[in-house]
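1. need coordinates for the below:
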Amino acid sequence: MTDALNGCKVAVLAVDGFEQAELVEPKRALTEAGATVHVISAKPGKIQGFKHVDKGDAVDVDATLDKASPDDYDALVLPGGVVNGDALRLLPQAQAFVKSLNDANKPIAVICHGTWLPVSAGIIKGRTVTSWPSLQDDIRNAGGTWVDQEVVEDGNLISSRKPDDLPAFSKTLIGQLTKRKAA
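-> Presented below is the predicted three-dimensional model:
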């Protein structure tokens, strides 16, 4: 454990159906680097994770979208999971949360199907991102450029394709937060 990110607060937006590794692994890496990480969801209590199509572990929710303020966070993580990504993109409060952090130029780290929320929030136009391959048409239709890479950093937007990319994804997010904290 380091203290590189002491004082940094990171939000993770997710609902039932999130891809377990894509929430748990970045949260662990950020916490080990000293950040405080809050899971924010549409409802209080617990949300259900999945390991692809099999039920995984439930995760405690720290705050709900109606109570959490984007101003309180230094960065945002959007895990994937088809069900999670599809449900979140339809929530106006989730879209507003993403837009607010983007407008403040704070890091937004998105992986796999989590990219649907930034597409629906309207922050993809003119940007280069990666995602699960089936989202490439959505990204292009939103005015973005899709590439097949382990991790892509375009300004404050960090994106990865799948659970195999998690080490590079977490390292890139921690690196961006560490640079911002030092500035």
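2. give me the beta-bridge partners of the residue nearest the centre of the chain?
-> With distances taken as C-alpha atoms, centre = their mean, residue 78 lies nearest the centre of the chain, 1.9 Å away. Taking DSSP bridges as the rule, residue 78 bridges to residue 110.
3. is residue 41 in a bridge, and if so with what?
-> Counting by DSSP bridges, the residues bridging with residue 41 are residue 64.
4. doesn't residue 14 make contact with it?
-> Yes - contact criterion C-beta atoms under 8 Å: residue 41 and residue 14 qualify, at 6.0 Å. Any C-beta I mention is one placed from the backbone N, CA and C, and that applies to glycine too.
5. who has more neighbours, these two?
-> residue 14 (30 against 26; other C-beta atoms under 10 Å).
6. what sits against the residue nearest to the centre of the chain?
-> By C-beta atoms under 8 Å, 6 or more residues apart in numbering, the contact list for residue 78 reads 12-14, 88, 98, 108-111, 114-115, 117-118.
7. name the nearest of these relative to residue 129.
-> residue 115 (6.4 Å; C-beta to C-beta).
8. which residue sits closest to the closest one, ignoring its sequence neighbours?
-> Using C-beta to C-beta, 6 or more residues apart in numbering and skipping the chain neighbours, the partner closest in space to residue 115 is residue 131 (3.9 Å).
9. host element of residue 28?
-> Per DSSP states H and E, residue 28 falls inside helix 20-32.
10. now that helix: how far from the chain's centre is it?
-> Centroid separation for helix 20-32 versus its chain: 11 Å, with C-alpha atoms, centre = their mean, to the nearest Å.
11. average pLDDT for it?
-> Average pLDDT, helix 20-32: 98.
12. quick one: list the elements packing against that helix.
-> Packed against helix 20-32 by the contact rule (3 or more C-beta pairs under 8 Å, 6 or more residues apart in numbering; DSSP states H and E) you find strand 9-13, strand 36-41, strand 46-51, strand 54-60, strand 75-78, strand 108-111, helix 166-182.
13. show me what contacts residue 3?
-> Applying C-beta under 8 Å, 6+ apart to residue 3 gives the contacts residue 34.
14. next one: residue 52, what pLDDT does it get?
-> Reading off the model, residue 52 has pLDDT 89.
15. number of nearby residues for it?
-> 11.
16. in terms of contact, does it touch residue 19 like I think?
-> Yes - counting by C-beta under 8 Å, residue 52 touches residue 19, with 7.5 Å between them.
17. circling back to that earlier point, mind listing the shared neighbours of residue 41 and residue 14?
-> By C-beta under 8 Å, 6+ apart, the residues touching both residue 41 and residue 14 are residue 47.
18. re earlier: give me the angle between the helix holding residue 28 and strand 36-41.
-> 150 degrees (axes from the mean of the first three to the mean of the last three C-alpha atoms, to 10 degrees).
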